[in-house]
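Student: A structural model of the following input is requested.
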Amino acid sequence: MTLYGILTIYRKEMEDHFSSIRFLLIAALIVMVGVIIASMVGMSMQDELKGVAKPNFVFLLLFTSTGKLFSFTQFIGFLGPLIGIILGFDAVNRERTGRTLSKLVSQPIYRDAIINAKFLAGVTMITIVMVSLILIISGLGIRLIGVVPGADEVWRLLIYLVLSILYISFWLGAAILFSVVFRSTATSALASLAAWIFLSFFIGLGGSFLADAVAPMQQTADVARATEAFINNDRVQRLVSFLAPATLYGDATSTILDPLRKTPRSFILMGPLERLSLSRFQNPLPLGQSIVIVAPFMISLIAITFICFGICYLVFMRQEIRST
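Tutor: So this is what the prediction gives:
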């Protein structure tokens, strides 16, 4: 009976998502912008690689190179949460407003089937969007730069896909939580956007202020002391930044999609040309070692996603549902 109830509500939610104009618009916008970014990067790489032996893992640069704007991974890290928010901000309070929630719980299904099915339907839609987007960009990359991804690159893209689904699913769980807590859809939407803005922007600013207060930079002629102060300041900023899901996602994706990266973050910034040149003289990190580096970030994303949905589940199960 539990599985039957979940499948029934799951099918109903999938129909609602596919017929939702706002979801179709935001999904089309993200796919369009993502394809434009990948096309610009691909055409730029096409010009740069003319008459030059193509280095290893050049295909992954389609997703990590910044081009004229920003990279595809940066774009998903910034605007990807909007997909989860749009899918979940009115998942429950829409039913309350339409007075259909009481009808759902009066059916011969368990109450937890409602919240579980809504979350699973949202994750399915996120997976559909991300898989379609990566396949489209991969096809464009093969057409523009004439390179077919190898097995190692395919596995790295699959891990990146899992990371992206987990990252956006966290925001889906947060949006559903606000939908459960607040009865007004406008309030839950504003709360979801406020959480997104705070965790995406103000955590970084707060970390910078805290680092300057706890471990200030020192202007001194002693190089060793200045270096130590710089490292301590960066360490504090980094610890605070781990409170932001975008940081976990950004560090994980930059490591798994760049085999030359030995650490999640470096003090030295390199553009695509520098990385192309460097790849000729450095041995790339094996996939297994990259997974070892990325594993703590992936586990953290899984943990915060399940914690957020677990809180949402508990709140929903304890709420009183009235027929009026």
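Student: Was I right to think Leu133 contacts Leu29?
Tutor: No - with contact defined as CB atoms under 8 Å, Leu133 does not count as touching Leu29 (11.7 Å). The C-beta positions use only the backbone N, C-alpha and C, and glycine is treated the same way.
Student: Tell me which of the two has more neighbours.
Tutor: Leu133 (21 against 12; other CB atoms under 10 Å).
Student: Local confidence estimate at that one?
Tutor: Note on Leu133: pLDDT of 87.
Student: Can you identify the element that follows the host helix or strand of it toward the C-terminus?
Tutor: In the assignment (DSSP states H and E), Leu133 maps to helix 112-145. Using DSSP H and E, the helix or strand that follows helix 112-145 in sequence is helix 151-181.
Student: and that next one, average pLDDT?
Tutor: 92.
Student: quick one, that helix and helix 112-145 angle?
Tutor: If you take axes from the mean of the first three to the mean of the last three CA atoms, to 10 degrees, helix 151-181 sits at 140 degrees to helix 112-145.
Student: I'd like to check what contacts whichever helix or strand comes after helix 151-181. Which residues are they?
Tutor: Downstream of helix 151-181, the first helix or strand assigned by DSSP H and E is helix 185-197. Contacts to helix 185-197, defined as CB atoms under 8 Å, 6 or more residues apart in numbering, come from residues 81-82, 85, 88-90, 93-94, 97, 171, 174-175, 178-179, 181-182.
Student: Helices along this protein, start to end?
Tutor: Here the chain has its helices, by DSSP state H, at 2-18, 21-48, 61-64, 72-88, 93-97, 101-105, 112-145, 151-181, 185-197, 203-214, 223-241, 245-256, 272-278, 287-318.
Student: Confidence-wise, which of these is weakest overall?
Tutor: Of all those, mean pLDDT reaches its minimum on helix 272-278 (a mean of 51).
Student: Could you report the neighbour count for the closest residue to Leu79 other than its chain neighbours?
Tutor: For Leu79, ignoring the flanking residues on the chain, the nearest one in space by CB to CB, 6 or more residues apart in numbering is Ile30 at 6.1 Å. A count of neighbours around Ile30, defined by other CB under 10 Å, yields 19.
Student: In this model Pro81 seems to touch Ile30, though I could be wrong.
Tutor: No - counting by CB under 8 Å, Ile30 does not reach Pro81; the two are 10.8 Å apart.
Student: one step back: tell me what angle the helix holding Leu133 forms with helix 72-88.
Tutor: Using the same axes, to 10 degrees: helix 112-145 against helix 72-88 is 150 degrees.
Student: Buried residues of helix 112-145, list them for me.
Tutor: Of all the residues in helix 112-145, those buried under the rule 16 or more other CB atoms under 10 Å are 113-127, 129-130, 133-134, 137-138, 140-141, 144-145.
Student: again with stretch 3-21
Tutor: By neighbour count, and taking 16+ other CB under 10 Å as the criterion, the buried residues in stretch 3-21 are 5-6, 9-10, 13-14, 17, 20.
Student: Likewise for stretch 165-174?
Tutor: Those would be 165-174, for stretch 165-174 by 16+ other CB under 10 Å.
Student: Over to stretch 307-315?
Tutor: For stretch 307-315, a neighbour-count test (16+ other CB under 10 Å) marks 308-309, 312-313 as buried.
Student: ok, of the residues you listed, which one's closest to Ala38?
Tutor: Nearest to Ala38 among the buried residues of stretch 307-315, counting by CB to CB, is Cys308 at 30.2 Å.
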